[in-house]
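>>> Sequence and predicted model, in that order:
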Amino acid sequence: MRFGAGKGVLTNSEGKDVGRPIVRHSSGFDQFCAMLQTQENLSILDMSGASQANISFITGLGHRISSDDILGTMQQCFGDDFLENQQMASNAQRFLDQTLTFPDQSFDGALVWDTLQFLTSPLLDQTVAQLLRVMRPGGLMLVFFNADEKLPRIPLYNYRIQDQKTLLLTPRGGSQRIHFFNNRTLEKIFDKAASLKFFLTRDNLREVIVRR
């Protein structure tokens, strides 16, 4: 998916190379996999869109996987004035109508990746509420947030599973920072969840496991 230029828009620098893939160890994904390995016939949501690597990994463990390209829906609904257009009620409702359109309690786990950090309030809170709605009680969500407080623009990646502890992050542009998500902020955003677990990392991704 390619994003064009514009105010606050997710962009890949007008088609130019945005960087080499990054191989990254993920303690959060390792713990998410522990659920996959100890339970059977789970239903998992991947919010980065369809990926053969992710499909093969999840189904190889005996589970089902569904995809929802939330970032693609953002681009369709908000266009080039990405941040400003989220504040328009009609655009926000259009996004909500097309996102997470699954029945209640459809999933045991969700790979949310870094998608939530590109949403502004109140749309962020409404999207989190939708996520919690489609999750079954006790289900886990893996969520990433950029933790570099000084960075004016935050990178955007495709997340591809290599193994239980390793992800391949392929740069796909970035966006100006909307919020800085510290632990207290995340606790407020997920205040309806049963629990949160934070993972320390050596880079600038804050990993969180959210239990429904």
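Received it, and whenever you're ready, just let me know what you need. Numbers count the residues shown, from 1 in each chain.
>>> Point to the helix or strand of the protein where mean pLDDT is at its lowest.
When each helix and strand of the chain is scored by mean pLDDT, DSSP states H and E, helix 82-85 comes last, with a mean of 81.
>>> what number of residues lie near residue 172?
By the criterion of other C-beta atoms under 10 Å, residue 172 has 19 neighbours. C-beta: built from backbone N, CA, C; applies to glycine.
>>> Quickly find the element holding it.
According to DSSP states H and E, residue 172 maps onto strand 166-176.
>>> That strand: how far from the chain's middle?
Between the centre of strand 166-176 and the centre of its host chain there is 11 Å, according to C-alpha atoms, centre = their mean, to the nearest Å.
>>> counting contacts, what elements does that strand pack onto?
Using 3 or more C-beta pairs under 8 Å, 6 or more residues apart in numbering; DSSP states H and E as the contact test, the elements touching strand 166-176 are strand 22-25, helix 82-85, strand 153-163.
>>> got these as CSV, with distance to residue 102 and mean neighbour count columns?
What follows is these, written out as CSV (distance: least, C-beta to C-beta, whole Å; neighbours: other C-beta atoms under 10 Å):
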stretch, distance to residue 102, mean neighbour count
strand 22-25, 28, 13
helix 82-85, 25, 19
strand 153-163, 20, 18
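>>> between the ones you listed, which gets the lowest average pLDDT?
Mean pLDDT is lowest for helix 82-85 out of the helices and strands packed on strand 166-176, coming in at a mean of 81.
>>> low-scoring stretches of this protein, by residue?
Residues of the chain that meet the criterion pLDDT under 70 lie in 1-18.
>>> can you give me the strands in it?
Using DSSP state E, the strands found in the chain span residues 22-25, 43-46, 64-67, 107-113, 135-146, 153-163, 166-176, 195-199, 205-211.
>>> Residue 117 is nearest to which of the helices and strands packed on strand 166-176?
Taking C-beta to C-beta as the measure, the helices and strands packed on strand 166-176 were each checked against residue 117, and strand 153-163 came out nearest at 6.8 Å.
>>> in its sheet, what does that closest one sit against?
Neighbouring strands of strand 153-163 in its sheet, by DSSP bridges, are strand 166-176 (antiparallel).
>>> what angle sits between the strand it pairs with and strand 135-146?
Here strand 166-176 runs at an angle of 70 degrees relative to strand 135-146 (axes from the mean of the first three to the mean of the last three C-alpha atoms, to 10 degrees).
>>> For strand 166-176, buried residues please.
Burial within strand 166-176, assessed by neighbour count using 16 or more other C-beta atoms under 10 Å, is assigned to 167, 169, 171-176.
>>> I'd like to know which elements the least confident helix or strand of the chain is packed against.
helix 70-78, strand 166-176.
>>> Now do it: distance to the chain's middle.
Offset of helix 82-85 from its chain centre (C-alpha atoms, centre = their mean): 19 Å.
>>> CA atoms only: put it into CSV for me.
Only the C-alpha atoms of helix 82-85 are listed here, as CSV (Å, rounded to 0.1, in the frame of the first residue of the first chain):
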residue,chain,number,x,y,z
PHE,A,82,-4.9,12.5,7.7
LEU,A,83,-4.9,14.0,11.2
GLU,A,84,-7.4,16.8,10.6
ASN,A,85,-9.9,14.7,8.8
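>>> Mind exporting the C-alpha coordinates of the strand holding residue 172 to PDB?
Only the C-alpha atoms of strand 166-176 are listed here, as PDB (Å, rounded to 0.1, in the frame of the first residue of the first chain):
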ATOM      1  CA  THR A 166      11.400 -12.900  15.800                       C
ATOM      2  CA  LEU A 167       9.500 -10.400  13.600                       C
ATOM      3  CA  LEU A 168      10.600  -8.800  10.300                       C
ATOM      4  CA  LEU A 169       9.700  -5.100  10.200                       C
ATOM      5  CA  THR A 170       9.500  -3.700   6.700                       C
ATOM      6  CA  PRO A 171       9.300   0.200   6.700                       C
ATOM      7  CA  ARG A 172       6.300   1.500   4.900                       C
ATOM      8  CA  GLY A 173       6.600   5.300   5.600                       C
ATOM      9  CA  GLY A 174       5.600   7.200   8.700                       C
ATOM     10  CA  SER A 175       3.400   9.900  10.200                       C
ATOM     11  CA  GLN A 176       3.900  12.900  12.400                       C
END
